[in-house]
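J.: What would the 3D arrangement of this be:
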Amino acid sequence: MLRAQNIRVKLGSKEVLRGVDFDAHRGQITAIVGPNGSGKTTLLRAITQETPFSGSVTLNGDNIQTLKGWQLAARRAVLPQSSRIAFPFTVFEVVRLGLMAGSDTQDERVSEALDRVGLGGFEGRFYQELSGGEQQRVQFARVLAQVWHPVGEDGPRWLILDEPEIGRASCRERV
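T.: Have a look, this model is predicted:
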């Protein structure tokens, strides 16, 4: 389970989240909904440790603040609303960023993830040459590759997506 309890976030002197509790259960799709500016992205940033918060977040029973970065990366993948890449990476290289070093199935997994998001054959193209929607699908392939197996040695793996615009119609059938 992914559990957030009594989450509080301050931005400057303003408290933008006060005592938020949230549970997500393995094998289920959980959505956080609300109007613009209601704190959805801020909650996700707290859950993923991208913004300071008070309260507690546990992932598969472990407090995320006690886990090392590589342990978190093995358990959950995060797709923000948008991603920028400043270097001329190929699509293959971007998706491979989601994989742990030393995996002997990296090339195969990259290709399979790209196939799942409708970008098979794009491996050699440069990320910056793609449309915005194609770039977001590459990022989606990256997080899929990161948590490819739904359950690992330490429990379920998690995809945390912030307003994913990944070509819903084209990806829905493949994922």
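J.: If you count neighbours, what's buried in stretch 87-94?
T.: 89, 90, 91, 92, 94 (16 or more other C-beta atoms under 10 Å). Just so you know, the C-beta spots here come from the backbone N, C-alpha and C atoms, and that holds for glycine as well.
J.: how far does that stretch sit from the chain's center?
T.: 18 Å (C-alpha atoms, centre = their mean, to the nearest Å).
J.: centroid residue for the chain?
T.: Centroid-nearest residue in the chain: residue 78, 1.6 Å away (criterion: C-alpha atoms, centre = their mean).
J.: Can you name the residues bridging to it?
T.: On the basis of DSSP bridges, residue 78 is bridged to residue 160.
J.: So which elements touch the helix of greatest length in the chain?
T.: The single longest helix within the chain, with elements called by DSSP state H, is helix 132-146. Under the contact criterion of 3 or more C-beta pairs under 8 Å, 6 or more residues apart in numbering; DSSP states H and E, helix 132-146 touches strand 76-79, helix 91-96, helix 106-116, strand 158-161, helix 168-172.
J.: make it 10 Å
T.: helix 69-75, strand 76-79, helix 91-96, helix 106-116, strand 158-161, helix 168-172 (3 or more C-beta pairs under 10 Å, 6 or more residues apart in numbering; DSSP states H and E).
J.: Dump these to CSV, plus distance to residue 41.
T.: As requested, these are arranged in CSV below (distance: least, C-beta to C-beta, whole Å):
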stretch, distance to residue 41
helix 69-75, 19
strand 76-79, 12
helix 91-96, 22
helix 106-116, 25
strand 158-161, 11
helix 168-172, 19
